[in-house]
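Participant: 3D, please:
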Amino acid sequence: MKIILISIGTRGDMEPFLAIGEILKEKGHQVICAFPEQFSSLAEDSNMEIASLGTKYIGILDSDIGKDVFGGSGSGLKKIIAYMKFARNSTEINKELIKKQYKLIESENPDRIVYNGKTIYPIIWGLDKRGKTILISPVPYIHYVKNHTHIVFHGNFGPFLNKITFSLANFGLIMTTRISIKWLKITKKITRKQIKNALLSNKMIYTISPSLFPRPDYWNKNIKVLGYHERDKTVNWKAGRSLEQFVANHDKILFITFGSMTNPRPDEKTKIILDILEQHQIPTIINTASGGLLEPAKYDTKLFHFVKQIPYGWIFPKMYAVIHHGGSGTTHMSIKYGCATMIIPHIIDQFAWNDIVSNLGLGPRGIVVSKITKRNLEPKILDLFQNQAYKTKAVQVSREMKGEDFRERLYETIIE
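Facilitator: So this is what the prediction gives:
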């Protein structure tokens, strides 16, 4: 089969598709990755074809407006204004994205499309191609769950109001799809009911470990939870001597990363964290990644080691605990390798992962990035690093996750 994997978002939105792509390629299928241009090298590393969706989407995420939305003030007028500016500035980008999706899919005429929730044209394409589109979600709460709102709303308002939030989210997606149909000047009549029925009946896979997010038994059969899938990121990577020496010099190490997330004051956030760690002499490896944390000009190199990128599959088995932004992939990896975990959420699904991690007893409940201070973060870090119960629970869930194997079921769901 010719299969298009199409994903829009940050690097964490690409990784599940790369892992799925490797499974499909092993089975002999042709795989085309339609990603933002900034992630083309990731597909090339896995020897997959790449179709660029342009650079503008990631560009706006990295802009000052994007930083205000995803890492700035957690609430209030400033946040609302930032969201309004972001929506206004992203309209033309979304038009361009939907047209690129349309052009690619119509020219390639694939046998299957595997897509994420930020892409819209696969929904339109699949209206008269039943079973050929598969929605992938690495985040929970896209479909009704009694004890939680839709992921966008974040909370638990009770079963009745929770259900309304899912209806509102579906309504918004239906309207976005109809707007995209107008942008593409599609003349064929497509009703709201047709779109709604497709959203409810199309194949859907949550690439989440059931140890963290068990599948509700009241869901329809087309919705499945088929585990977390990762690719080997150490193929073209080798640890430097200074990193290996730092790991060898310490028995109990903390790892910190904000992944793809940025914020308006990374220097301030970094200083708060380093002051706490230095005061309590906690050996730490800090991943500056996309710039949410910064390497200062001077620091204690015996206590801290900075990296820009590092394969989690290599470093996490060597770590005692991890503090991170709460991306789905980082959450799964930290727990899979038995690390006590605390999340500093920035946006949407990261708040849900913060709840899941703390509710399972894998670590203390984290603080939103815009609200961290030395006073409120210090006791959290000490609790994470000193409370053995978190580590014990993480090791227990790690064993469960390592026993999961959903590769064949995921593959069969895509091609059946």
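
Participant: For the rest of this, base every contact and every neighbour count on C-alpha atoms.
Facilitator: Noted.

Participant: Assign a three-state SS to residue 342, would you?
Facilitator: Reduced to three states with DSSP: H, G, I helix; E, B strand; the rest coil, the structure at residue 342 is strand.

Participant: Residue 42 now?
Facilitator: Recorded secondary structure, residue 42: helix (three-state DSSP).

Participant: State the distance from it to residue 258.
Facilitator: Applying Cα to Cα, to the nearest Å, the value for residue 42 to residue 258 is 19 Å.

Participant: Residue 246 too?
Facilitator: From residue 246 to residue 258 the distance is 21 Å (Cα to Cα).

Participant: out of these two, which sits in the busier spot?
Facilitator: More crowded of residue 246 and residue 258, by other Cα atoms under 10 Å: residue 258, with 26 against 18.

Participant: Now the more buried one: closest residue in space that isn't a chain neighbour?
Facilitator: residue 325 (4.7 Å; Cα to Cα, 6 or more residues apart in numbering).

Participant: Give me the pLDDT for the one you found.
Facilitator: At residue 325 the predicted local confidence, pLDDT, stands at 95.

Participant: Mind jotting down where the helices sit in the stretch 201-350 of the chain?
Facilitator: Across the stretch 201-350 of the chain, reading from the start of the chain, the helices by DSSP state H, counting those that start in this stretch fall at 241-249, 266-279, 312-315, 328-336, 349-359.

Participant: So which elements touch the helix or strand just after the last one?
Facilitator: Later in the chain than helix 349-359, the nearest helix or strand by DSSP states H and E is helix 374-386. Here helix 374-386 touches helix 266-279, strand 340-343, going by 3 or more Cα pairs under 8 Å, 6 or more residues apart in numbering; DSSP states H and E.

Participant: Quick one: mean pLDDT over helix 374-386.
Facilitator: For helix 374-386, mean pLDDT is 97.

Participant: from the middle of its chain, how far away would that helix be?
Facilitator: Taking Cα atoms, centre = their mean, to the nearest Å, one finds helix 374-386 lying 25 Å from the centre of the chain it belongs to.

Participant: Any buried residues in that helix, and which?
Facilitator: Across helix 374-386, burial judged by 16 or more other Cα atoms under 10 Å covers 377-378, 380-381, 384-385.

Participant: what's the angle from it to helix 266-279?
Facilitator: Comparing the axes of helix 374-386 and helix 266-279 via axes from the mean of the first three to the mean of the last three Cα atoms, to 10 degrees yields an angle of 50 degrees.

Participant: from the helices and strands packed on helix 374-386, which stretch is densest packed?
Facilitator: Among these, the stretch with the highest mean neighbour count (mean count of other Cα atoms under 10 Å) is strand 340-343, at a mean of 30.

Participant: so what strands line up beside that strand?
Facilitator: Sheet pairing of strand 340-343 (DSSP bridges) gives strand 321-324 (parallel).

Participant: With respect to residue 115, which of the helices and strands packed on helix 374-386 lies nearest?
Facilitator: Nearest to residue 115 among the helices and strands packed on helix 374-386 is strand 340-343; the distance by Cα to Cα comes to 26.8 Å.

Participant: coming back round to it: dump the helices and strands packed on helix 374-386 to TSV, plus mean pLDDT and distance to residue 9.
Facilitator: Conversion of these to TSV gives the following (pLDDT from 0 to 100; distance: least, Cα to Cα, whole Å):
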stretch	mean pLDDT	distance to residue 9
helix 266-279	96	21
strand 340-343	98	20
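
Participant: For the ones you listed, could you give me TSV that also reports distance to residue 365?
Facilitator: Shown next, in TSV, are the helices and strands packed on helix 374-386 (distance: least, Cα to Cα, whole Å):
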stretch	distance to residue 365
helix 266-279	16
strand 340-343	7
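
Participant: right, so of those, which gets closest to residue 14?
Facilitator: Going through those one by one, with Cα to Cα as the measure, strand 340-343 comes closest at 20.7 Å.

Participant: which residues are in contact with that closest one?
Facilitator: Outside of strand 340-343, the residues within contact range by Cα atoms under 8 Å, 6 or more residues apart in numbering are 320-326, 331, 334-335, 350, 353-354, 357-358, 362-367, 384-385, 390-391, 393-394.

Participant: Stretch 354-361: how far from the chain's middle?
Facilitator: 17 Å.

Participant: hmm, back to that, so which of the helices and strands packed on helix 374-386 gets nearest residue 218?
Facilitator: Closest of these to residue 218 is strand 340-343, at 29.7 Å (criterion: Cα to Cα).

Participant: Okay, residue 236 and residue 46: tell me how far apart.
Facilitator: Counting by Cα to Cα - residue 236 and residue 46 are separated by 10 Å.

Participant: between those two, who's got more neighbours?
Facilitator: The neighbour comparison of residue 236 against residue 46 (other Cα under 10 Å) goes to residue 46, with 17 against 7.

Participant: residue contacts, that one?
Facilitator: Residue 46 sits next to 18, 22 when contact means Cα under 8 Å, 6+ apart.

Participant: Over to residue 6: give its phi and psi.
Facilitator: Note on residue 6: its backbone torsions stand at phi -130, psi 120 [degrees, to the nearest 10].

Participant: who are the neighbours in contact with it?
Facilitator: Taking Cα under 8 Å, 6+ apart, one finds 17, 33-35, 113-116, 119 in contact with residue 6.

Participant: Also residue 162?
Facilitator: If a contact means Cα under 8 Å, 6+ apart, then residue 162 has 144-150, 156 as its contacts.

Participant: I'd like those written out as CSV, with distance to residue 136, neighbour count and secondary structure added.
Facilitator: Listed next are those as CSV, based on distance: Cα to Cα, whole Å; neighbours: other Cα atoms under 10 Å; DSSP: H, G, I helix; E, B strand; the rest coil:
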residue, distance to residue 136, neighbour count, secondary structure
144, 16, 20, coil
145, 17, 19, strand
146, 21, 17, coil
147, 22, 14, coil
148, 20, 22, strand
149, 19, 26, coil
150, 16, 25, coil
156, 24, 14, coil
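
Participant: ok so, going back, hang on, isn't the residue nearest to residue 258 packed against residue 261?
Facilitator: Yes: shown here, residue 325 and residue 261 form a contact pair, counting by Cα atoms under 8 Å, at 7.3 Å.
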